[in-house]
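[1] Got a predicted structure here, sequence first:
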Amino acid sequence: MKLTRRGFLAGGAATALGAAGVYELVDHLAGTAPRRPAGRLLPEQHLLDGVQLVRQDGVEVLVPPLHHQLVTVRVEADPHPSSLRDAQQEVERVFSGLEDDYPATPAGLGITVGWGMPYFRRYVPDQASSYIPHDRRAGASALLDAPRFPSDPEETVLEENDGVILLRSDVRDHVDDAVARLRKASPLQITSLRRGFAGGGFEGGTSLPKQMAIDAGVPGADLIPDTSELFLGFTSTQRAGIGPGKIANFETLSFVDMRGTDYFVNGTHMHLSHVTEDLELWYVNFDFDERVTTAFRPGLQVKPNAQTVAQGPEEAQTAADVRRDFDRTGRIGHSAAIQATSRLAEDVTGPDGAHYPKGTAIPIRADFNTLDNPFEFSIRPEELQQGPAAGIHFVVFNPSSDDFHRNRMAMDGVLPDGKLPLPPRDRNQGFNSVLRTTHRQNFLVPPRRHRSFPLAEV
């Protein structure tokens, strides 16, 4: 069932990887869906219960859902309070109906709804100014517009969607059903569809990223390691590298002031971006040792061709460690630089009594591989390119916009103790020379109880 680049472009899928395009291969190539533990509906939208845990090279790894779909939307509702509440109830019926039909697990359907600054500015500006948590470190709202970062190309689009819905499931029909129901929700206009997949060679077989990229004719696809979880060859879902439990909730780490209300307790912040990856540049011009240095840090010793590298609290790097490696080698690694801002600097006990030791990861990543170029569908067809492109839809949950911005600036060599003297896209600066961000935006993710048109009822 090989899909060549010529055949891909000649078929109907050439129009923005249409619904019947290359993603139909996921189920064919993945085979049987992973065995999943039972799960439950959590007060947090961003947390997905029932995720399988396996071990690779002695490291615990989370097995993500196979199918991922992002649906960005514009609100088409009368701003009058009663009309907005009617729209709120209509959209909530869609989400509640899906949860009645599918358990909130990878075997069923995970639903996460986020809202951007355009929604809050247009529909509930006064309520937002009083209720949205305030970031203590930034001295600003916990939700900020996404900026352009130093290594972003000039053409990076800073988006202005009202909202986004992240759908995750092992079963494509569940995701497609959710999109079909959202299309019928009159208060929402779909502005883009962004599809992708996840799945490493956790059972020892050839992983989805390699098979999908080869079948789509992506240059450099044949160089992807056989069991790689991501196009770039390393495992991203190791348990210790993803924030545990409620750590990314607004209320957990006291990074933000909840403004004397529990309205957004169990909520969080979500960053979304689309990033293309140059596989030929990565695999042809970077040997394995340099890929380890680039992805992790200079001097890290791992076994040849390893994909899962321990990144637990005890391996976490500080700004001083990163600067010392730079002074010695003139290079920084992606993980090490980000760990300087994304790991706990001291032990923390959350308001629910949960203990988070020093070095624990804060961000909860939910990114996934994609062949979108840059999206499956957009209301702005001029931004869609023909043919597939290797990349990721990067989804990450942090306690605030500023917390994400600190991590992203660290990727560009801006550490808590100052900027390293590296050009923004220098080969010696992590992944920056092989990645290109096409779009980005920040969203606020309310708790499940307020996911539909937050603050409309206030």
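    Perfect, I can see it now. Computed from a predicted structure; not experimentally measured. Numbers count the residues shown, from 1 in each chain.

[2] which residue is nearest the centroid of this protein?
    Centroid-nearest residue in the chain, with C-alpha atoms, centre = their mean: residue 395, separated by 1.4 Å.

[3] and it, what is it in contact with?
    Applying C-beta atoms under 8 Å, 6 or more residues apart in numbering to residue 395 gives the contacts 70, 166, 270-272, 365-368. Glycine gets a C-beta too; all of them are placed from N, C-alpha and C.

[4] Go through the residues you listed and say which is closest to residue 150.
    Nearest to residue 150 out of these is residue 271 (C-beta to C-beta; 16.5 Å).

[5] that older thread, among the contacts of residue 395, who's most crowded?
    residue 270 (29 neighbours; other C-beta atoms under 10 Å).

[6] in this protein, what residue sits furthest out from the centroid?
    residue 82 (34.3 Å).

[7] quick one: what helix or strand has the residue nearest to the centre of the chain in it?
    According to DSSP states H and E, residue 395 maps onto strand 391-398.

[8] Tell me the buried residues in that strand?
    391-398 (16 or more other C-beta atoms under 10 Å).

[9] What pairs with that strand, parallel or antiparallel?
    strand 268-277 (antiparallel), strand 364-365 (antiparallel), strand 368-370 (antiparallel) (DSSP bridges).

[10] re earlier: test of understanding: give the bridge partners of the residue nearest to the centre of the chain.
    Bridge pairing for residue 395 - DSSP bridges - gives residue 272.

[11] Provide the secondary structure category for residue 114.
    Recorded secondary structure, residue 114: strand (DSSP: H, G, I helix; E, B strand; the rest coil).

[12] Name the nearest residue to it, sequence neighbours excluded.
    Spatial nearest neighbour of residue 114, excluding adjacent residues (C-beta to C-beta, 6 or more residues apart in numbering): residue 443 at 3.1 Å.

[13] That neighbour: what's it in contact with?
    Neighbours of residue 443 in contact, by C-beta under 8 Å, 6+ apart: 114-116, 143, 163-164, 269-272.

[14] in which helix or strand would I find it?
    Residue 443 belongs to strand 435-445, assigned by DSSP H and E.

[15] picking up where we left off before, send me whichever helix or strand comes after the strand holding residue 395 as CSV with only the CA atoms.
    Remark: after strand 391-398, the chain's next helix or strand is helix 401-411, criterion DSSP H and E. Extracted C-alpha coordinates of helix 401-411, given in CSV (Å, rounded to 0.1, in the frame of the first residue of the first chain):
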residue,chain,number,x,y,z
SER,A,401,1.9,31.9,28.7
ASP,A,402,5.0,33.4,30.4
ASP,A,403,6.1,30.0,31.6
PHE,A,404,6.0,28.6,28.0
HIS,A,405,7.7,31.8,26.7
ARG,A,406,10.6,31.3,29.2
ASN,A,407,11.1,27.7,27.9
ARG,A,408,10.9,28.7,24.3
MET,A,409,13.5,31.5,24.8
ALA,A,410,15.8,29.0,26.4
MET,A,411,15.7,27.0,23.2
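
[16] any idea of the mean pLDDT for helix 401-411?
    Helix 401-411 shows a mean pLDDT of 98.

[17] got the contact list for it?
    135, 137-138, 140-144, 146-147, 149-151, 255, 269, 271, 334, 337-338, 340-342, 362-363, 396, 398, 416, 430-432, 442.

[18] Give me the packing partners of whichever helix or strand comes after that helix, helices and strands only.
    As assigned by DSSP H and E, the chain's next helix or strand after helix 401-411 is strand 414-415. The helices and strands touching strand 414-415, judged by 3 or more C-beta pairs under 8 Å, 6 or more residues apart in numbering; DSSP states H and E, are helix 319-329, helix 334-342.

[19] With respect to burial, which of those helices scores highest?
    helix 334-342 (a mean of 24; mean count of other C-beta atoms under 10 Å).

[20] That helix: how far from the chain's middle?
    Relative to the centre of its chain, helix 334-342 is centred 17 Å away, using C-alpha atoms, centre = their mean, to the nearest Å.

[21] repeat for stretch 243-250
    That offset, for stretch 243-250, works out to 15 Å (C-alpha atoms, centre = their mean).

[22] Which residues in that stretch does the neighbour count mark as buried?
    Result for stretch 243-250 [16+ other C-beta under 10 Å]: buried residues 243, 246-250.

[23] And those residues, which is closest to residue 130?
    Once C-beta to C-beta is applied, the member of the buried residues of stretch 243-250 that ends up nearest residue 130 is residue 250, at 15.1 Å.

[24] just to revisit the earlier point, distance of the residue nearest to residue 114 from residue 115?
    6 Å (C-beta to C-beta, to the nearest Å).

[25] and if you look at residue 353?
    30 Å.

[26] Lowest-scoring secondary structure element of the chain by mean pLDDT?
    helix 5-10 (a mean of 34; mean pLDDT, DSSP states H and E).

[27] Which parts of the stretch 151-300 of the chain are strands?
    Ranges of strands in the stretch 151-300 of the chain, per DSSP state E, counting those that start in this stretch, are 157-158, 163-169, 188-197, 256-257, 268-277.

[28] coming back round to it: tilt between the strand holding residue 395 and strand 163-169?
    110 degrees (axes from the mean of the first three to the mean of the last three C-alpha atoms, to 10 degrees).

[29] what is the rounded mean pLDDT of strand 391-398?
    pLDDT averaged over strand 391-398 gives 98.

[30] Where does the prediction get shaky in the protein?
    Flagging of the chain using pLDDT under 70 yields the residue ranges 1-20, 203-204.

[31] Distance to residue 287 for the strands paired with strand 391-398 - can I get that in a markdown table?
    Below are these laid out as a markdown table (distance: least, C-beta to C-beta, whole Å):
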| stretch | distance to residue 287 |
| --- | --- |
| strand 268-277 | 18 |
| strand 364-365 | 26 |
| strand 368-370 | 23 |
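
[32] which residues sit against stretch 127-147?
    Outside stretch 127-147, the residues touching it (C-beta under 8 Å, 6+ apart) are 117, 120-121, 158-159, 250, 254-259, 261, 263-264, 269, 271, 273, 399-403, 405, 440-444, 455, 458.

[33] Buried among those residues? Need that as a selection in PyMOL.
    Buried subset of the contacts of stretch 127-147, written as a PyMOL selection, criterion 16+ other C-beta under 10 Å:
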select buried, resi 117+120+159+250+255+256+258+263+264+269+271+273+399+400+401+402+403+405+440+441+442+443+444+455
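
[34] Helices of the protein, start to end?
    Per DSSP state H, the chain carries helices over the ranges 5-10, 25-30, 81-101, 117-123, 125-131, 172-183, 208-215, 279-285, 288-295, 319-329, 334-342, 401-411.
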